[in-house]
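*Asks:* Here is a sequence with its predicted model. Questions after.
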Amino acid sequence: MKIMITGAAGFIGSQLAYRLWKDNHDLILIDNFSYGKWDNLEFPDHSFKKEIIKMDIRDKEGIASLLKAGDVDYIYNIAGIAPLPDCQSDPVEAISVNTMGLVNILENARLYGVKKVIQASTNAMYENEEEFPTVENNFKVPTLIYPNTKYCAERFAESYAKTYGMNITCLRFANVYGPHIDCLRKQPPFVAYMIKELYYNRVPIFHSNGEQRRDYIYVDDLIDLAIKVQDSEGFDCVNVSSNINYSVNEMYEIAQKIMGKNIKAEYASDKHYWEKYPDLYKGKFTIKDAILEHEINKYSLCDNSYAKEKYGWVPKVSMEEGLKRVIEAECKLLESIDNGEVK
Ligand SMILES: NC(=O)c1ccc[n+]([C@@H]2O[C@H](COP(=O)([O-])OP(=O)(O)OC[C@H]3O[C@@H](n4cnc5c(N)ncnc54)[C@H](O)[C@@H]3O)[C@@H](O)[C@H]2O)c1
């Protein structure tokens, strides 16, 4: 089978690429390297082909040139601008990539007969929910830019499915963790940040009181489901979650135990997290404190029974086991780039 993966130099895209390669598929990997890294395509099995095309998902002719032979069966559109503050700070770029980028993929998939498009969507669109666990239908529309880019992307996906009879599944990922989670970016995701601080024996600074709870899914479990949905027909949105949530403090305790550390965390105000994004405080209208507070303290728990019932999928990796694997991979990476210099 021939499969295209966009965002293949990123965290999730690279893990998906490796898994599909191990399953003997013919792959076309693309990434514009705005966030992705060549190193993410380094796997212990050195025979893994690391051919990746530097291309933007918004490139109309570029994407057409890869699909026009008509032999691509599936596309995983994993490319996207994932960090929420980046999207909030540059909404035009975020909408351009996360929403219009998907439309370019869909339009070309339509023209060149791709059997199925699988879109990386997000449970961040449940940010205004008050009833838990959240099910796929009947939720309140989101407020912030990032979840709206993905929400709108889903609406266009639905439009293509209904108008042209295309097969499209939007996978609404909960917080994803696993090896290759990016610990080197400006504002690393929580799991990567916590491990990095512990690695360097620094005191981590968590926002709010650390009691905020989020639903996490291990990357291999996500990939198992992403493969299972390949042949479903029509349009579908599916939660990819463990249906178990953990607080920041609980996860920190597990990580400390695994790493054999005992460092008391410090806590900062909700606002502290966003102060690194001065654009949000420029101009006449600045971001509301209540919105920041809501985002930092957001509770997430996503019902995964639809995925279980329809696809016979069950997430297998426990938080303890998952964190162990991320810690091993991240410490190895930090060791290799260390040279005595603290990052
Ligand atoms: N990681 C999570 O917890 C999470 C949760 C929900 C949804 N998602 C979604 O899953 C996808 C992958 O997330 P990730 O954590 O692997 O992020 P990531 O930043 O590691 O990977 C995204 C990749 O997309 C590439 N990219 C960005 N814009 C592009 C463009 N215009 N053209 C081509 N490539 C482009 C980046 O260079 C990067 O390699 C994203 O779409 C994200 O919104 C992630």
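*Replies:* Thanks, I have the structure now. Keep in mind the model is a prediction, meaning the values are calculated, not measured. Numbering: from 1, shown residues only.
*Asks:* for the stretch 201-343 of the chain, what spans make up the helices?
*Replies:* Ranges of helices in the stretch 201-343 of the chain, per DSSP state H, counting those that start in this stretch, are 219-228, 248-259, 289-296, 305-311, 319-338.
*Asks:* Let me know the angle separating the second one from helix 319-338.
*Replies:* Put simply, helix 248-259 runs at 70 degrees to helix 319-338, going by axes from the mean of the first three to the mean of the last three C-alpha atoms, to 10 degrees.
*Asks:* What residues sit buried inside helix 248-259?
*Replies:* Within helix 248-259, the residues that qualify as buried are Val248, Met251, Tyr252, Ile254, Ala255, Gln256, Ile258, Met259, counting by 16 or more other C-beta atoms under 10 Å. Where C-beta positions appear, they are placed from N, C-alpha and C, glycine not excepted.
*Asks:* now these in a markdown table, with pLDDT and distance to Met194?
*Replies:* Output for those, formatted as a markdown table (pLDDT from 0 to 100; distance: C-beta to C-beta, whole Å):
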| residue | pLDDT | distance to Met194 |
| --- | --- | --- |
| Val248 | 98 | 8 |
| Met251 | 98 | 7 |
| Tyr252 | 98 | 6 |
| Ile254 | 98 | 10 |
| Ala255 | 98 | 6 |
| Gln256 | 98 | 9 |
| Ile258 | 98 | 11 |
| Met259 | 98 | 10 |
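*Asks:* Just name the closest of those residues to the ligand, please.
*Replies:* Closest to the ligand out of these is Met251 (13.8 Å), distances taken as C-beta to the nearest ligand atom.
*Asks:* The closest one and Ala192: what is the separation?
*Replies:* 12 Å (C-beta to C-beta, to the nearest Å).
*Asks:* just Asp45 next, same as before
*Replies:* Separation of Asp45 from Ala192 (C-beta to C-beta): 24 Å.
*Asks:* quick one: terminal-to-terminal distance for stretch 192-209?
*Replies:* For stretch 192-209, the separation between the terminal residues is 19 Å (C-alpha to C-alpha, to the nearest Å).
*Asks:* nearest to Tyr311, of the buried residues of helix 248-259?
*Replies:* Met251 (27.3 Å; C-beta to C-beta).
*Asks:* Might one say that that closest one is in contact with Val326?
*Replies:* No. Met251 is not in contact with Val326 according to C-beta atoms under 8 Å; the separation is 10.8 Å.
*Asks:* Now for Met251 and Ala192: what residues contact both?
*Replies:* Residues touching both Met251 and Ala192 (C-beta atoms under 8 Å, 6 or more residues apart in numbering): none.
*Asks:* need the contact list for Ala268.
*Replies:* Listed by C-beta under 8 Å, 6+ apart, the contact set of Ala268 reads Ile205, Phe206, His207.
*Asks:* Then Tyr199?
*Replies:* Residues in contact with Tyr199 (C-beta under 8 Å, 6+ apart) are Met259, Glu330, Cys331, Leu334.
*Asks:* Highest neighbour count among the residues you listed?
*Replies:* Using other C-beta atoms under 10 Å as the neighbour test, the contacts of Tyr199 are led by Glu330, with 24 neighbours.
*Asks:* and Met1, how many residues sit next to it?
*Replies:* 14.
*Asks:* and if you look at Asn167?
*Replies:* Counted by other C-beta under 10 Å, the residues lying close to Asn167 total 21.
*Asks:* Now do the strands for this structure: every range, in order, please.
*Replies:* Taking DSSP state E, the strands of the chain run over residues 2-6, 26-31, 53-54, 74-77, 116-122, 168-173, 175-177, 205-207, 213-218, 235-240, 245-247, 266-268.
*Asks:* Throw those strands into CSV and include mean pLDDT, thanks.
*Replies:* Formatted as CSV, the strands of the chain follow (pLDDT from 0 to 100):
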stretch, mean pLDDT
strand 2-6, 98
strand 26-31, 96
strand 53-54, 97
strand 74-77, 99
strand 116-122, 99
strand 168-173, 99
strand 175-177, 98
strand 205-207, 95
strand 213-218, 98
strand 235-240, 98
strand 245-247, 98
strand 266-268, 96
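*Asks:* now for these, which one comes closest to Tyr146?
*Replies:* It's strand 116-122; of the strands of the chain, that one is closest to Tyr146 (C-beta to C-beta) at 7.5 Å.
*Asks:* Does Ile63 touch Ile57 like I think?
*Replies:* Yes. In this structure, Ile63 is within contact of Ile57 by C-beta under 8 Å, at 6.8 Å.
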